[in-house]
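Peer 1: Fold the following for me, if possible:
(2 chains)
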Amino acid sequence: MSRRLLCLYLPDLSADSAGAKQRLIEWCNRYSPLVADDGFSGIAVDITGCAHLFGGEEALLSDIQTRIRHAGHRVRGAIADTLGAAWALARYSKQVIVSGSELPQALNPLPVEGLRLPEEITRALRRVGLTTIAAFQKVSRQAIVTRFGQATLLRLDQAFGQAEETITPYRRRAPYSARRALAEPISTTTAVEYVLLDLLKELCTRLQKDHAGARRLNLDCYRVDGIVVPCSISTSKPVRSVKHLIRLFSEKLETIDSGFGIETLILSVLNFDRFDPAQLAFAQFNPDRLENIEALDELIDRLGTRLGFQHVTRVRIRESMLPEYSVEFRPVTEPQLPSALWPEYRLRPVYWIDPPMHIEVATIHPAGSPVQFRMGRDIHRIVKAEGPERLTPEWWRAEPLRWEIRDYYRIEDDRGCRFWIYQELRVPPSSTTRWFLQGHLP
Amino acid sequence: MLIVPTREVHAPNVVLSDLREKIGALEGAPRRFARTVPVCDAIDDALPGRGLPLGCIHEVKGHPASVTAFAGLLSARIPRQGAVLYIEPARSLYPLGLLPYAVNLQHWVHVRARRERDLVWTVLEALRCPQVNAVLAALKTADLTFSRRLQLAAESSGATGFVFGNMASAITRWRVSSIRNFNWSVELLYCRGGRPGSWNVAWRNGQLESTDLSRPMQREQITAQAGRLAG
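Peer 2: Alright, predicted model coming up:
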């Protein structure tokens, strides 16, 4: 597949509106990870392999143009195999999408200004009668170089795809970063930790000055063989304590493969949040307890770093009677939402069985309470049964929950084991109703 | 460390209590049993500090539902402000079932550690945290070295560990099983300085009540009630 480049011409954006252009470049990252300033009043986007995500090149182009126009800028875009061609088409052609073989045909009628040359060279070209790109075909390459310089030939070749041209993609700069280049490559974990401590001290001081705390950090280890080994951590709350961060990193440092040695380390804060210095209450102002105040947050971060934050959760009660929905295990990193009040007379199991286990239940008459059930080989004679507690599906739920009406029973067998079982009720009633074990009561 | 004696020791004899204190000091018991929480009137009599000691490891065996509720209700009684961590390899806790046992789920943090070595690491780290009140852990087994490490971690931070598995060393060992009539049979299998025993208890009106009719206090109560009825 050949490269596809999109060039946007933004005549409104002059040199003094660099900030607006920068924001547009950042915004263009939604189309492709390779976005760059084209050096003139435009933006270059490498959309190789990206267009199908937006429904084809035409759809992508019209989407990007419409959105930029809505933001209040004049814009014209073009897509071609080379950056030079796309740049020229965006400015001087009616045809905006050109693929491989059509390229010379589309470029030839365009004026020489389409070659991205300095103004005095364009003027010189016009003076000798070279007004269109097609006119160059009659001139030998040697003549172009001697009369107008190597750069003119290069631009010409770049437009037709005979010379390579790369774009330097814009990367969001980390808001805080620190770098250490080492005199001698290091390879032991202890040495890396030592450098990291130094980097963390620097960054934490800067964070403190800005009343900020890190949420996500990344350490890039540049190895002598040119490979970059990343190592990143995240925290549940904004943090700027060196001690805390070094402990989070030390879990990960052992996994770094230092190869023949690491020569440069760059630590960057990828995400940060506002973190104002806390005012300690008088009762808290006790040096022994001072370090304990954040102990739980530190523990949760360490557990999350090792086990994954989705496994470190707080319990939230949701407003639903359905047993599957009424409890949510919410990662500690997510903002806490208020819990609903649970009516305590609705007793629930402590031990949950998911998915519910199919059991065979005997009842005296079809709609009666259970008297005996069989689970695998064990037969449980039911001594007490409380129920039914009828739970009906909640139609307002967006998720398709395909279960029927359930009749729940709390039962106790002759050995004193307590279960929470239910019967599935079908509409219309069928002869075979199925029973399930949902959990164990304490 | 904040020392909150939740119940005073009623000693019948000054000499005896002095002696007990001296022996206790030699054994290192007072530090261990300085903070306790009451379990149930009948059971407290069998425990040396008249309550379940905090800042140490307890082994609780039985059905997962019963042991979780038992450990949950005891951890809810710890007066210090702090978190309760529930650590298990697969998510099988259904927290709504704990609400009748006066458990405040706001303080609970559920941790899932799938691999065994992550699980033991998590339990140890959690027990070391001074802001953790209790750790409820579904550990399968712990050898002598690891049990001791857990105990030391709990002592250093003041957190109380309830381990639902076989511990090579623990301060107390319990077995909780559900019996008929929505009651529990609570067995104290081992407690240094305490009297092992078995009690039938029920959870009524926000506390554990003994349902053993053979206990003298119960008998007195019944006679008193009978007297009132007769009169």
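
Peer 1: switch to C-alpha atoms for all contacts and neighbour counts from now on
Peer 2: Noted.

Peer 1: So A:E202, which state does it fall into?
Peer 2: helix (DSSP: H, G, I helix; E, B strand; the rest coil).

Peer 1: How many residues are close by residue 49?
Peer 2: With no chain named, the answer covers chain A. By other Cα atoms under 10 Å in any protein chain shown, the residues close to A:G49 number 12.

Peer 1: other chain: chain B
Peer 2: B:G49 has 25 nearby residues by other Cα under 10 Å.

Peer 1: what about it, distance to A:A44?
Peer 2: 76 Å (Cα to Cα, to the nearest Å).

Peer 1: what's the answer for A:L253, then?
Peer 2: Separation of A:L253 from A:A44 (Cα to Cα) stands at 38 Å.

Peer 1: which one of the two has more residues nearby?
Peer 2: A:A44 (27 against 21).

Peer 1: Report the contact partners of residue 200.
Peer 2: Because you didn't say which chain, this covers chain A. A:V242, A:L245, A:I246, A:L267 (Cα atoms under 8 Å, 6 or more residues apart in numbering or on different chains).

Peer 1: my bad, the chain I had in mind was chain B
Peer 2: So B:N200 contacts B:N183, B:W184, B:S185, B:V186, B:S210, B:T211, B:D212 (Cα under 8 Å, 6+ apart).

Peer 1: Assign the closest residue to B:W203 other than its chain neighbours to helix, strand or coil.
Peer 2: Counting by Cα to Cα, 6 or more residues apart in numbering or on different chains, B:E209 is the residue found nearest to B:W203 once chain neighbours are left out, at 6.2 Å. Under three-state DSSP, B:E209 falls in the strand class.

Peer 1: confidence score at B:E209?
Peer 2: Here the pLDDT value assigned to B:E209 is 87.

Peer 1: Show the contacting residues for it.
Peer 2: B:C40, B:D41, B:V201, B:A202, B:W203.

Peer 1: Just the buried ones from these?
Peer 2: Among these, those classed as buried by 16 or more other Cα atoms under 10 Å in any protein chain shown are B:C40, B:V201, B:A202, B:W203.

Peer 1: So which of those sit within strands?
Peer 2: Judged by DSSP state E, strands contain the following of the buried ones among the contacts of B:E209: B:V201, B:A202, B:W203.

Peer 1: for chain B, what are the nearby residues on chain A?
Peer 2: Residues of chain A that fall close to chain B, judged by Cα under 8 Å from any Cα of the partner chain: A:292-293, A:295-296, A:299, A:303, A:307, A:311-316, A:327, A:329, A:342, A:344, A:347-354, A:412-418, A:440-442.

Peer 1: Got a quick ChimeraX command for the buried subset of these?
Peer 2: To isolate the buried members of these in ChimeraX, using 16+ other Cα under 10 Å:
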select /A:295,296,299,303,307,311,312,313,314,315,316,327,329,342,347,348,349,350,351,352,353,412,413,416,417,418,440,441,442
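
Peer 1: Please narrow the residues of chain A next to chain B to those residing in helices.
Peer 2: A:A295, A:L296, A:L299, A:L303, A:L307 (DSSP state H).

Peer 1: could those residues be laid out in JSON lines, adding pLDDT?
Peer 2: Shown next, in JSON lines, are these (pLDDT from 0 to 100):
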{"residue": "A:A295", "pLDDT": "83"}
{"residue": "A:L296", "pLDDT": "86"}
{"residue": "A:L299", "pLDDT": "90"}
{"residue": "A:L303", "pLDDT": "91"}
{"residue": "A:L307", "pLDDT": "90"}
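
Peer 1: Not counting its neighbours along the chain, what's nearest B:S210?
Peer 2: B:V201 (4.3 Å).

Peer 1: got a list of what that neighbour touches?
Peer 2: B:V201 neighbours (Cα under 8 Å, 6+ apart): B:N183, B:W184, B:S185, B:V186, B:L208, B:E209, B:S210, B:T211, B:D212.

Peer 1: Try it again at 10 Å.
Peer 2: B:40, B:42-43, B:178-179, B:182-186, B:207-212 (Cα atoms under 10 Å, 6 or more residues apart in numbering or on different chains).

Peer 1: Emit the PyMOL select command for whichever of those are buried.
Peer 2: A single PyMOL command is used to select the members of these judged buried by 16+ other Cα under 10 Å:
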select buried, chain B and resi 40+42+43+178+179+182+183+184+185+186+208+209+210+211+212
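
Peer 1: Closest to A:T146 out of the contacts of B:V201?
Peer 2: B:S178 (98.7 Å; Cα to Cα).

Peer 1: Next one: that closest one from A:R240, what distance?
Peer 2: For B:S178, the distance to A:R240 equals 49 Å [Cα to Cα].

Peer 1: Likewise for B:A90?
Peer 2: Counting by Cα to Cα - B:A90 and A:R240 are separated by 33 Å.

Peer 1: Could you check which of these two has the larger neighbour count?
Peer 2: Taking neighbours as other Cα under 10 Å, B:A90 and A:R240 compare with A:R240 leading, 23 against 13.

Peer 1: Remind me which helix or strand A:R215 belongs to.
Peer 2: Element membership for A:R215 (DSSP states H and E) is strand A:212-223.

Peer 1: Please name the strands paired to that strand in the sheet, noting orientation.
Peer 2: Sheet pairing here is set by DSSP bridges, and for strand A:212-223 it gives strand A:228-239 (antiparallel), strand A:262-274 (antiparallel).

Peer 1: Can you lay out those strands as TSV showing mean pLDDT?
Peer 2: Output for the strands paired with strand A:212-223, formatted as TSV (pLDDT from 0 to 100):
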stretch	mean pLDDT
strand A:228-239	86
strand A:262-274	89
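
Peer 1: want to throw those strands into JSON lines with distance to A:D63 and mean neighbour count?
Peer 2: As requested, these are arranged in JSON lines below (distance: least, Cα to Cα, whole Å; neighbours: other Cα atoms under 10 Å in any protein chain shown):
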{"stretch": "strand A:228-239", "distance to A:D63": "35", "mean neighbour count": "20"}
{"stretch": "strand A:262-274", "distance to A:D63": "29", "mean neighbour count": "20"}
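
Peer 1: mind listing what's buried in stretch B:113-130?
Peer 2: Quick answer for stretch B:113-130 (16+ other Cα under 10 Å): B:113, B:118-120, B:122-130.

Peer 1: What of stretch A:157-166?
Peer 2: Buried residues in stretch A:157-166 (16+ other Cα under 10 Å): A:D157, A:Q158, A:A159, A:F160, A:G161.

Peer 1: So what touches it?
Peer 2: Applying Cα under 10 Å, 6+ apart, the contact partners of stretch A:157-166 are A:46, A:80-88, A:100, A:103-104, A:107, A:114-116, A:133, A:151-156.
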